[in-house]
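Enquirer: 3D model of this:
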Amino acid sequence: MENRTFVYRPAETRQRVAGRAAKRIVDWFCEGSVEALLVGMVDSKVLDRAELQRLAERIAAAQGSTSTESADHSGEGESR
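Expert: Numbering: from 1, shown residues only. Next up, the predicted model:
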């Protein structure tokens, strides 16, 4: 509450809510296939080549950070 006004803030980020909504769309309309969703988005011109390239780069970066994190934590619990 600020002064006499109630101020509401979202409990979750837009990105998290959008991700959950996209998962529901994939499950309902694409039988769980993210590939089918993306192909449909390309076919209907929702995604263009540049956007697909950016997505591919983000996926590659995410996979790289996941494998790096695994390697960084692989020695946890060892005595020094």
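
Enquirer: Let's check: the centremost residue of the chain is which one?
Expert: Nearest to the geometric centre of the chain sits residue 19, at 5.9 Å (CA atoms, centre = their mean).

Enquirer: Look up which helix or strand that residue falls in, please.
Expert: helix 14-29 (DSSP states H and E).

Enquirer: quick one: average pLDDT of that helix?
Expert: The average pLDDT within helix 14-29 is 95.

Enquirer: If you count neighbours, what's buried in it?
Expert: For helix 14-29, a neighbour-count test (16 or more other CB atoms under 10 Å) marks residue 26 as buried. In this view, the C-beta of every residue, glycine as well, is placed from N, C-alpha and C.

Enquirer: With stretch 34-44 instead?
Expert: Quick answer for stretch 34-44 (16+ other CB under 10 Å): 37, 38.

Enquirer: For it, which outside residues touch it?
Expert: Outside stretch 34-44, the residues that touch it by CB atoms under 8 Å, 6 or more residues apart in numbering are 22, 25, 26, 29, 30, 47, 52.

Enquirer: Distance check, the fifth one against residue 23.
Expert: Going back to what we said before, that points to residue 30. As judged by CB to CB, to the nearest Å, residue 30 and residue 23 stand 10 Å apart.

Enquirer: what's the spacing between the top helix by length along the chain and its chain's center?
Expert: In the chain, taking DSSP state H as the definition, the longest helix is helix 49-73. What separates the centre of helix 49-73 from the centre of its chain is 11 Å, taken as CA atoms, centre = their mean, to the nearest Å.

Enquirer: What mean pLDDT does that helix get?
Expert: Mean predicted lDDT for helix 49-73 stands at 81.

Enquirer: If we go by neighbour counts, what in it is buried?
Expert: Under 16+ other CB under 10 Å, helix 49-73 has no buried positions.

Enquirer: what does it contact?
Expert: Against helix 49-73 from outside (CB under 8 Å, 6+ apart): 38, 42, 47.

Enquirer: The last one: how many residues sit nearby?
Expert: Right, the one you point to is residue 47. 16 (other CB atoms under 10 Å).

Enquirer: related to what we said a few turns ago, pull the most distant pair out of the contacts of stretch 34-44.
Expert: 29 and 52 (19.8 Å; CB to CB).
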